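A.B. asks: Need a 3D model of the sequence below.
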Amino acid sequence: MSRPVRWVSLALACVLALPIPLGMWAGLHLRLSPFLALQTLLARAPLAPLSALGGVVLLLVFLRERWFCRNVCPTGALCDAVAACRRTPQLWDAFPSVNKALALAALAAAACGAPVLALADPVALFHGAWGVAVAGLTAAALAGAAGLAAVLLLSLLFPRLWCARLCPLGGLQLLVADLRRAARRAPPGPETAPPPLPPRGPALGRRHLFAAASGIAVGLVAREAAGAGARTVVRPPGALPETRFKTTCCRCGNCARACPARIVRPAADLRDPLGLLAPRLDFSGAFCLPTCAACGAVCPTGALAPFDVADKGRLVIGTAVIRLDDCRLTEGKECNRCEAACAFRAVRIAGGRFDPAPEVDTANCVGCGACVVACPTRAIDIRPA
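C.D. replies: From the prediction side, this is the model:
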């Protein structure tokens, strides 16, 4: 790890991964990953601000082979630092190179509308490990860090194996390098001698066609497995339909770190394996602020579509449901906290002076959870949209 720019990039990635208010700049390296950018584009998911940076990096990769790996990738920098701790590297020359095959499979799955292999993006793995800074040492946060831990352990046991043979982001860069070499070998004119051929990398063959076909199969199976069932948890504003959301989210945790209310948590329901570690909202201590649009601005894959604060009144994430048996008003006590807390005028006290009871206007309710936090008896739940 001799390039100082990699140390600077790693330090910057660590700062931008912290749960501090940075606006659209939070987790900037996620938007720099061409692997994520291409999958988002192929999956026809909404593009977040700064997503064009992935295209700029792709151009740089075309001009200089594996430019991202050599200068920007924080996971690669950590892998090299860990590998330096081992004085006698374990030989792994016999291990086949599968990085280009993984990259092709990921892009093929994304073209089917299910970019599930974005989970293997090294930048997403790096940011996913920072979930403990938001949620603490919970089981879900530790599971989110397991991917990066596995890559670093592999790099300790077999230095450079991940970067050289396994990483799909590196494989994508090698594919781009193959395209550049193919362009240089264009047929010469009738009066020009053919230029000397540069060293050739392994050409795309049956193995790569099989990888693309496998990616298509993975994408189709993932879409079918996600199903079209109703949501069982409340997702952040701007979330894609549940079938697409589960397969598009890369579990980077960027939305959780950007949320000023700290209500975004990774899902940990083992009954929904495709939804594991995808973000959900927890209204136990705070609610979705009507003046916030942070989560949509920082999502690198389009699982959360970008939106403006003015759109919060139409982005329905759920509906408030009041359990009247637990309500103070039905016990003859005075209370109007739910009505006062609602910024969208979706809760009102009805029934007159002698038989008051809160009612929810479903036409105005967006499921922000303000009434849930305000209710002294916790008699309100949010039903997912």
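A.B. asks: Could I get the full set of strands for the stretch 251-385 of the chain?
C.D. replies: Under the criterion DSSP state E, counting those that start in this stretch, strands of the stretch 251-385 of the chain are mapped to 264-266, 279-281, 318-322, 347-350, 357-360, 380-384.
A.B. asks: What strands line up against the second one, and which way round?
C.D. replies: Neighbouring strands of strand 279-281 in its sheet, by DSSP bridges, are strand 264-266 (antiparallel).
A.B. asks: thinking again about what came up before, ok, which of the strands of the stretch 251-385 of the chain comes nearest Arg185?
C.D. replies: Among these, the nearest to Arg185 by Cβ to Cβ is strand 279-281 (46.1 Å). All C-beta atoms are positioned from the backbone trio N, CA, C, and that covers glycine.
A.B. asks: Averaged pLDDT, the closest one. What do you get?
C.D. replies: Averaged across strand 279-281, pLDDT comes to 96.
A.B. asks: ditto for stretch 327-345
C.D. replies: 92.
A.B. asks: Any idea how far that stretch is from the middle of the chain?
C.D. replies: 37 Å (Cα atoms, centre = their mean, to the nearest Å).
A.B. asks: can you tell me the distance between the two ends of it?
C.D. replies: 19 Å (Cα to Cα, to the nearest Å).
A.B. asks: Of all the residues in the helix or strand containing Gly170, which ones are buried?
C.D. replies: Assigned by DSSP states H and E, Gly170 belongs to helix 168-184. Neighbour-count burial for helix 168-184, counted by 16 or more other Cβ atoms under 10 Å, picks out 168-178, 181.
A.B. asks: Can you spell out which helices and strands pack onto it?
C.D. replies: Contacts defined by 3 or more Cβ pairs under 8 Å, 6 or more residues apart in numbering; DSSP states H and E place helix 168-184 against helix 34-42, helix 52-63, helix 67-71, helix 99-111.
A.B. asks: what's next to that helix, contact-wise?
C.D. replies: With contacts defined as Cβ atoms under 8 Å, 6 or more residues apart in numbering, helix 168-184 is touched by 33-35, 38, 58, 61-63, 65-69, 73, 76, 98-104, 106-107, 117, 120-123, 163-164, 195, 198, 200-201, 203-204.
A.B. asks: next one: stretch 151-162
C.D. replies: Applying Cβ under 8 Å, 6+ apart, the contact partners of stretch 151-162 are 75, 78-80, 82-83, 85-86, 89-90, 92, 95, 122, 125, 163, 166.
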